[in-house]
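Build the 3D model from these lines:
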Amino acid sequence: MKRVFLIVLDSFGIGEMPDAAAFGDEGSDTLSAAAKGKNFAMPNMKKMGLFNIDGVTAQPGVDDFSGVIARLSERSQGKDTTTGHWELAGVVSEKPMPTFPEGFPESLLRELEARTGRGILCNRPYSGTQVIQDFGEEHLSTGKLIVYTSADSVLQIAAHEDLVPPEELYRYCRIAREICQGEWGVGRVIARPFIGTPGDFQRTSHRHDFSLEPPGDTMLDVLVRQGKTVLAVGKIHDIFAGRGMNEYVYTSGNAEGIDRTLEYMDRDFEGLVFTNLVDFDMIYGHRNDVDGYAQALSYFDRRLPELTAKMREEDILMITADHGCDPSTPSTDHSREYVPLVMYGNMLQEGTNLGTRHSFADLGSTILQVFGLDDKSIAGEGFWKEIGK
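You can find the predicted model right below:
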């Protein structure tokens, strides 16, 4: 039984793409920034070939690496989580999803107010941690929802859990998702519950994303349609609007994401485990925490032997990312970067460098080829013939 374990290190970019300046991201390099942080160490990924990937200069590579490596280019017009994951799964977004740098239009807000029965505060781009400090007290006294956005295509709603229980906030976000279609069709509506008192508000782990449905088939749809098993870990379920998966589990952070992936490795199935590890992006990248990002990468690397130890003869491990989020730049937003692909397993021709690939979608196409499903309904040029034994 063939099994693929695809792990996305959310925001782990490896250097600016040629068009980075058009996105305001010239000079971004998430890996190089994190490698300067305290306690950075990725010896296991190094042995697999991480530092041998095209353009990676954070550390020297090794003479003989044990994995298959590539640098993936993003074809889609975006640099956000939804766009990146969709392209990894075979859907290229030729047009950028709408953003609202001046805040959302009044007509959208009026409809949201009417349907939720609550007023709205803020309505402009804001740091998620700062917005609850600046508007949390007024939210508690008025009952109004804190609605804000970022440089990404998102509408975020923050509410205190004592005033608006998470399930009620999720209902409001589902209403917002229904409203946000067409020209208002942001990639994600995000629930941002928080707790605490004025001056000491803190976001909780009860975040929930409500994504648009992918506009076409993804590798997940193809796999399920062909009778393979797809198991999702972390926010994968939300990113794909629940489509193309047999089972899913949410996680509270990287440690639990790795734990749940290890549990799925103990099960018998033929298909894919698709895992997102969100802490790199949410906790460290967006907060410009270089040392935290470095330590999170080092933690993943320390736990990598647990994953490889559970691999069976026909298992393949794939480690990649969906965009960058350089924690050393003035910006706290995502960055337009290449992403790494490191693959490992007995079925692969170790020590293979595939160079720079034209699209993230080459990965999704390759996963289908692993299962003998060279389906042309998704984008991407698979490379299984180049790496499979």
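
Buried residues in stretch 68-79, which are they?
Neighbour counts over stretch 68-79 (16 or more other CB atoms under 10 Å) mark 68-76, 78-79 as buried. For the C-beta atoms, the positions are set from N, CA and C on the backbone; glycine is no exception.

pLDDT on that stretch, on average?
Averaged over stretch 68-79, pLDDT sits at 97.

got a list of contacts for the one helix or strand residue 365 maps to?
Using DSSP states H and E, residue 365 maps to helix 361-370. Helix 361-370 is contacted by residues 2, 4, 6, 70, 72, 75, 87-92, 218-219, 222-223, 272, 316, 318, 320, 341, 374-375, 378-385, 387-388 when judged by CB atoms under 8 Å, 6 or more residues apart in numbering.

about what we covered before: what about the buried residues of stretch 68-79, which are in strands?
Among those, DSSP state E puts 68-72 in strands.

Could you dump those residues into CSV with distance to residue 102 added?
Listed next are those as CSV, based on distance: CB to CB, whole Å:
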residue, distance to residue 102
68, 45
69, 42
70, 39
71, 36
72, 33
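
Looking at these, which is nearest residue 267?
Nearest to residue 267, judged by CB to CB, of these is residue 68 at 24.9 Å.

what sits against the closest one?
Taking CB under 8 Å, 6+ apart as the test, what residue 68 contacts is 49, 341-344, 348-354, 387.

can we see that at 7 Å?
Contact analysis of residue 68 by CB atoms under 7 Å, 6 or more residues apart in numbering lists 343, 348-349, 352, 354, 387.

what's the answer for residue 174, then?
residue 210.

before we move on, the earlier item: can you pick out the most distant pair from the buried residues of stretch 68-79?
The distance between the two most remote of the buried residues of stretch 68-79 (CB to CB) is 26.8 Å, for 68 and 78.

outside of stretch 81-95, which residues touch it?
Contacts to stretch 81-95, defined as CB under 7 Å, 6+ apart, come from residues 8, 10, 74-78, 97, 187-188, 211, 214-216, 218-220, 239, 320, 322-323, 359-361, 363-365, 378-380.

Which of the residues in it are classified as buried?
Buried residues in stretch 81-95, defined by neighbour count with 16+ other CB under 10 Å: 81-93.

Now, the residues you listed that are in helices?
Among these, the members found in helices (DSSP state H) are 81-88.

which among those gets closest to residue 150?
The nearest member of these to residue 150, counting by CB to CB, is residue 81 at 11.3 Å.

closest to residue 328 among the buried residues of stretch 68-79?
residue 79 (16.7 Å).

residues contacting the closest one?
Per CB under 7 Å, 6+ apart, neighbours of residue 79: 23, 323, 334-336.

now do 6 Å
Neighbour list for residue 79: 23, 323, 334, 336 [criterion: CB atoms under 6 Å, 6 or more residues apart in numbering].

Restricted to helices, list those residues.
With helices defined by DSSP H, no entry of the contacts of residue 79 lies inside them.

tell me the two of the residues you listed that are most distant?
23 and 323 (10.0 Å).

hang on, isn't residue 14 packed against residue 28?
No: at 10.1 Å, residue 14 and residue 28 do not qualify as touching, with contact defined as CB atoms under 6 Å.

Spatially nearest residue to residue 205, not counting backbone neighbours?
Counting by CB to CB, 6 or more residues apart in numbering, residue 252 is the residue found nearest to residue 205 once chain neighbours are left out, at 4.3 Å.

Surely that neighbour is in contact with residue 204?
No: assessed by CB under 6 Å, residue 252 is found out of contact with residue 204, at 9.5 Å.

I'd like to check what contacts the worst-scoring helix or strand of the chain on mean pLDDT. Which residues are they?
Least confident helix or strand, the chain: strand 208-211 with a mean of 91, by mean pLDDT, DSSP states H and E. Outside strand 208-211, the residues within contact range by CB under 6 Å, 6+ apart are 82, 170, 173, 177, 188-191, 235, 238-239, 241.

Swap in 8 Å and give it another go.
In contact with strand 208-211 (CB under 8 Å, 6+ apart) are residues 82, 166, 170, 173-174, 176-177, 187-191, 235, 238-241.

Drop anything exposed from these.
By 16+ other CB under 10 Å, those give 82, 170, 173, 176-177, 187-191, 235, 238-241 as buried.

So which of those are in strands?
Reading strands off the buried ones among the contacts of strand 208-211 with DSSP E, I get 188-191.
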